[in-house]
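*Asks:* Got a sequence here, can you build the structure:
(2 chains)
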Amino acid sequence: MEIVRKWVQTITALLVNGSWSFPFTRTIYQGPLKVVCSPGLNCYSCPAATTYCPIGSLQQLIAGIRIALENGQNFFGLYVIGTMGVLGGAFGRLICGWVCPFGLVQELLYKIPSRKFNIPQKLNYLKYGFLVFFVILLPLAVVDDFGYGELWFCKYVCPTGTLEAGLPMLILQPALGQTIGLVFFNKLTILTGFIIWAILASRPFCRTTCPLGAFYALFRKFKLVKLRLIEENCTRCEACHSICPMGVKFNEAPEDAECISCLKCMTEACKFDAISLEIAGLAVGTQGGTKIMSPKRNNGAA
Amino acid sequence: MAAKKETRPKRVRKAPFIIILVFLIMGIVGIMTGEGSRVLEQAVQVCLSCIGIG
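*Replies:* Just a heads-up that it's a prediction; the model follows:
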């Protein structure tokens, strides 16, 4: 199953970054597919990007909301939020585990041999702060003289944008090098920090910073596709604890906000058929006990 | 603390469908107000300041 997941991750990363004419055009893809939402975090200023980034687009709409309203345009971000909500309601953070390109990058970095460290659970809450403040409130509240806000998360934090857009654009258009300053070096430092952290710990950006993951995590209880614990089969061996890349203790918190439904616990760790996949409450496959454990806690921590 | 056990008959959960429907309607309203075009307009431009350049 892990091989299947890696293939899905790779194919999706290539699909959402499927425009390879940029070495000749020296700019980004500008075709009609850019109206389609990338399910994972993927900067739309990446030269190869064929879709829009929901976090980037949402900030753009929120930052320009005053001007849009003044011009009689009722742009409240409904299209972007609606798309994100449909994806979240159907899959939740399964998207993080299966189709996010930056998730794949972090997983590959984690394969580099080194001493490995855990991530303190309290840091998991930070990503909700990034979603509320850097994606919504700051772009809405802090505006220039003309009424435009800034894209706080993209501009000051997002390492995906630096990796996929900032650095490639500097290579494609060397003249841009004259315009880089403190903001870019700040972002380069953040990217370097996350690269090093991803070698030492599993998926640090997803767990502590990603606002898209935070949004999808809101659907953990009500998403269509989810894992469930068959309590009567669980021996409390805790094999599901050590294998989880997100630090979830699945048999203690089956609806944990951090679960990315990578299925490692189900297919590689549990030998007792205590974990199954369900779609809208119906078990998929051969496993399908009737006694289901109620989650002991749903505090959003892994 | 021991986990609370309960027995549930297999039944289709309706909540995901309601949530998906609500967001789908939200998205359609967004398209009707022209937000799709606005998103496309923004996504085809390189926003240098957005990626920390310029």
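
*Asks:* from here on, contacts and neighbour counts on C-alpha atoms
*Replies:* Will do.

*Asks:* Just confirm A:R115 is within a helix.
*Replies:* No. Counting by DSSP: H, G, I helix; E, B strand; the rest coil, A:R115 falls outside a helix, being coil.

*Asks:* In contact with the residue nearest to it when sequence neighbours are not counted, which residues are there?
*Replies:* Distance criterion Cα to Cα, 6 or more residues apart in numbering or on different chains; nearest residue to A:R115, sequence neighbours excluded, is A:L200 at 6.3 Å. A:L200 makes contact with A:110, A:114-117, according to Cα atoms under 8 Å, 6 or more residues apart in numbering or on different chains.

*Asks:* Can you tell me which of these is nearest A:C259?
*Replies:* A:Y110 (17.9 Å; Cα to Cα).

*Asks:* The closest one against A:S202, yeah?
*Replies:* Yes. Between A:Y110 and A:S202 there is a contact under Cα atoms under 8 Å: 6.1 Å.

*Asks:* before we move on, back to that, could the contacts of A:L200 go into a markdown table alongside distance to A:F272?
*Replies:* As requested, the contacts of A:L200 are exported to a markdown table (distance: Cα to Cα, whole Å):
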| residue | distance to A:F272 |
| --- | --- |
| A:Y110 | 28 |
| A:S114 | 32 |
| A:R115 | 31 |
| A:K116 | 28 |
| A:F117 | 28 |
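
*Asks:* Look up how far A:P254 lies from the residue positioned nearest the centre of chain A.
*Replies:* Chain A has A:G213 as the residue nearest its centroid, 4.2 Å off, counting by Cα atoms, centre = their mean. According to Cα to Cα, to the nearest Å, A:G213 stands 17 Å off from A:P254.

*Asks:* How about A:I11?
*Replies:* In terms of Cα to Cα, A:I11 sits 29 Å off from A:P254.

*Asks:* ok, the two, which is more surrounded?
*Replies:* Higher neighbour count among A:I11 and A:P254: A:P254, with 24 against 15, using other Cα atoms under 10 Å in any protein chain shown.

*Asks:* now A:L188, nearest residue through space, not along the chain?
*Replies:* A:T162 (6.7 Å).

*Asks:* Pull the number of nearby residues for that neighbour.
*Replies:* 30.

*Asks:* Correct me if wrong: A:A257 contacts A:R220.
*Replies:* Yes. Under the criterion of Cα under 8 Å, A:A257 makes contact with A:R220 at 5.8 Å.

*Asks:* before we move on, the earlier item: please tell me the pLDDT value assigned to the residue nearest to the centre of chain A.
*Replies:* Here, the pLDDT recorded for A:G213 equals 97.
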